[in-house]
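Participant: Got a predicted structure plus its sequence, pasted below:
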Amino acid sequence: MTDLRKVHEREVFDLAGQRVISLPEILPELEALGFIFEDDFASLTRVDRVEQWQTETLVDCEFLARGRDVYPDESDFDSLRLSVLVASLPEEQVVRALHVAFDIADRARLDVSHGSRTVSRAEIPALVAGWAEDILGETGDSCGSESVAILISMEYDKRRT
């Protein structure tokens with residue numbers, strides 16, 4: 001049985017500061033990076049070649065107030081939650097996604113945390129290398145590969161039955 005925690009299907013980064021953030025404040029920053037808004041979240045689509053088994057999304061962004069999802073056009077918020085589907089992206093795109101997270105944090109003057117621990121841009125290589133090593137060890141293949149996508153799909157199929 002595949003341990004989905006070791007496959008790093010989805011890694012989450014919280015961007016927060018000691019202040020309230022409004023949509024008019026953050027919208028230009030996200031749009032400048034290429035994010036598209038839909039309902040209560042935003043996403044950044046990849047611009048590289050995407051294999052059919054890979055995700056087209058580089059980063060998903062949710063807006064939170066005191067830890068709860070909010071519609072950014074209806075309410076201010078105090079943090080952004082960025083999600084990266086690590087196992088479904090080639091390693092170089094995972095690196096790009098993390099740089100985007102830190103670009104947003106820099107522009108909006110926010111701190112970045114992963115797993116309740118503050119992280120810095122300098123940690124990107126170590127984070128990605130660790131995830132890649134875990135994925136290889138658990139699946140025998142690399143981030144973004146078709147076989148990793150198949151293993152994840154099979155694991156979910158097992159859990160449904």
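Facilitator: The structure has been received and is ready for your questions. Residues are numbered from 1 along each chain as shown.

Participant: roughly how far apart are the closest residue to Ala16 other than its chain neighbours and Gly144?
Facilitator: Excluding the flanking residues, the one nearest Ala16 by C-beta to C-beta, 6 or more residues apart in numbering is Ser79, at 3.8 Å. C-beta: built from backbone N, CA, C; applies to glycine. Using C-beta to C-beta, to the nearest Å, Ser79 is found at 28 Å from Gly144.

Participant: any chance you could map the helices in this structure?
Facilitator: 4-7, 23-32, 91-108, 124-139, 146-160 (DSSP state H).

Participant: With respect to burial, which of those helices scores highest?
Facilitator: helix 91-108 (a mean of 19; mean count of other C-beta atoms under 10 Å).

Participant: Could you verify my assumption that Asp103 touches Leu33?
Facilitator: Yes - under the criterion of C-beta atoms under 8 Å, Asp103 makes contact with Leu33 at 6.2 Å.

Participant: one step back: ok, the residue nearest to Ala16 - contacts?
Facilitator: Ser79 is in contact with Asp14, Leu15, Ala16, Ile21, Phe63, Leu64, Gly67, Leu110, counting by C-beta atoms under 8 Å, 6 or more residues apart in numbering.
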